[in-house]
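K.L.:
for reference, the sequence and a predicted model appear below.
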Amino acid sequence: MSLLSLPWLGLRPVAMSPWLLLLLVVGSWLLARILAWTYAFYNNCRRLQCFPQPPKRNWFWGHLGLITPTEEGLKDSTQMSATYSQGFTVWLGPIIPFIVLCHPDTIRSITNASAAIAPKDNLFIRFLKPWLGEGILLSGGDKWSRHRRMLTPAFHFNILKSYITIFNKSANIMLVSPLKSGSQMESWGGGTMDTSGLEFWLFWVALGHCSSSLSLGFLICKMGMIIPT
């Protein structure tokens, strides 16, 4: 390797080994990636300042564990949707923010937007793609629009009307069975629970028609309308 001479810096000629050159290139690449990620994160945080957020547990955990899958956690979620009626930000750890929308008008605008305006969340897509592939659930852009146009006629409301009786029958069975005297229901955390936890069942039955692609904000909004505070 030839000698690297920088007389204008007052440095003597030094021998640049291949390993030192490789280390310099890798270090420069890592530094550039870190700076780019830091700028993107700062810019994202600046944009999220217009959304309120509930108090965090701490700076590291963010809002993780703030809402538990229990009856008390469901009440806390309902209270949050009432306190932040438009929407709020939650942090999953120190670097992953989520926007929870609560107002029906805002949610309607997003769910009716095209795939180019409201792209799907890449975080969940990367997690599910190895198992589900690039079907209509995970695809986006022109591919999603093309598949949606192909499938929409098969799921038209007029076709689904013939299944209303079956839907109603299934919902009635699910609602009536826990109300029978002495019946027990399986809880989320294992074991059994009595009819005092019936609101969980009512909540999930009421949301049974929702698409899995809808946002958490829509679910919380529906929850606030189903279970009064």
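P.N.:
Looks like it came in fine.
K.L.:
pLDDT weak spots in the protein?
P.N.:
Within the chain, the set of residues satisfying pLDDT under 70 comprises 1-16, 114-121, 123-124, 136-137, 154-157, 177-229.
K.L.:
pull the longest helix from it.
P.N.:
helix 18-48 (DSSP state H).
K.L.:
counting contacts, what elements does it pack onto?
P.N.:
strand 97-101 (3 or more Cβ pairs under 8 Å, 6 or more residues apart in numbering; DSSP states H and E). For every residue, glycine as well, the C-beta is placed using N, CA and C.
K.L.:
need the three-state assignment for W91.
P.N.:
Under DSSP: H, G, I helix; E, B strand; the rest coil, W91 falls in the strand class.
K.L.:
show me what contacts it?
P.N.:
53, 56, 62-64, 97-98 (Cβ atoms under 8 Å, 6 or more residues apart in numbering).
K.L.:
quick check: chain neighbours aside, which residue is closest to it?
P.N.:
Spatial nearest neighbour of W91, excluding adjacent residues (Cβ to Cβ, 6 or more residues apart in numbering): G62 at 3.1 Å.
K.L.:
what's across from that neighbour in the sheet?
P.N.:
Beta-bridge pairing of G62 under DSSP bridges involves N58, L92.
K.L.:
so it touches L92, yeah?
P.N.:
Yes: G62 sits in contact with L92 when judged by Cβ atoms under 8 Å, with a separation of 6.0 Å.
K.L.:
of the two, which one has the most company?
P.N.:
G62 (21 against 13; other Cβ atoms under 10 Å).
K.L.:
hang on, the earlier thing: now do the buried residues in the helix or strand just after the longest helix of the chain.
P.N.:
Next in sequence after helix 18-48, counting helices and strands by DSSP states H and E, comes helix 71-83. Within helix 71-83, the residues scored as buried using 16 or more other Cβ atoms under 10 Å are 74, 77-78, 80-81.
K.L.:
and for stretch 84-101?
P.N.:
Buried, per 16+ other Cβ under 10 Å, within stretch 84-101: 84, 87-91, 97-101.
K.L.:
pull it out as CSV, backbone CA atoms only.
P.N.:
Provided in CSV are the C-alpha atoms of stretch 84-101 (Å, rounded to 0.1, in the frame of the first residue of the first chain):
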residue,chain,number,x,y,z
TYR,A,84,-57.7,12.6,25.0
SER,A,85,-60.8,12.7,22.8
GLN,A,86,-58.9,13.5,19.5
GLY,A,87,-55.9,11.1,20.0
PHE,A,88,-52.7,10.7,21.9
THR,A,89,-49.2,9.3,21.6
VAL,A,90,-47.9,6.2,23.4
TRP,A,91,-44.2,5.0,23.5
LEU,A,92,-43.3,1.4,23.3
GLY,A,93,-39.9,1.8,24.9
PRO,A,94,-37.7,4.8,24.4
ILE,A,95,-37.7,4.9,20.6
ILE,A,96,-41.0,3.4,19.2
PRO,A,97,-43.9,5.8,19.2
PHE,A,98,-47.5,5.0,18.2
ILE,A,99,-50.4,7.4,17.6
VAL,A,100,-53.7,6.3,19.0
LEU,A,101,-56.6,8.1,17.3
